[in-house]
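> would you be able to build a 3D model of this:
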Amino acid sequence: MAIDEKLPAPRDRSRIDIGRDWELRWWSKVFNASPEELKRAVAAVGPSVLAVAQHLDVPLEAEPPDSDTLYTTGPH
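Numbering: from 1, shown residues only. Prediction:
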């Protein structure tokens, strides 16, 4: 899933900062989840991208195809 090119990509892609609106929107698109769902997931398992991906049952590619975009794998 391609991310909106108008949203800047987070510098640290290992953690989710839900305190930054643009980052919350960026990660919401990555996980195909609403901002509220993402906030609940971070509250449940912490800000680790891998932990949130497991919690939301969204597999992530190990290496994103390019540095400005993160993709999920599998059906959505």
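> C-alpha from now on. contacts and neighbour counts both.
Will do.
> mind checking the SS state of A53?
helix (DSSP: H, G, I helix; E, B strand; the rest coil).
> in what helix or strand does K39 lie?
K39 is part of helix 35-45 when elements are defined by DSSP states H and E.
> residues of that helix that come out buried?
By neighbour count on 16 or more other CA atoms under 10 Å, the buried set for helix 35-45 is 35, 38-39, 41-42.
> likewise stretch 28-36?
Under 16+ other CA under 10 Å, the buried positions of stretch 28-36 are 28-32, 35.
> which of those sit farthest apart?
Using CA to CA, the buried residues of stretch 28-36 span at most 11.0 Å, a distance reached by V30 and P35.
> about what we covered before: out of the buried residues of stretch 28-36, which is nearest to Q54?
For those, the nearest to Q54 is F31 (10.6 Å; CA to CA).
> return the distance of the residue nearest to the closest one when sequence neighbours are not counted relative to K29.
Distances taken as CA to CA, 6 or more residues apart in numbering put V58 closest to F31, at 6.6 Å, once the chain neighbours are dropped. V58 sits at a distance of 12 Å from K29 (criterion: CA to CA, to the nearest Å).
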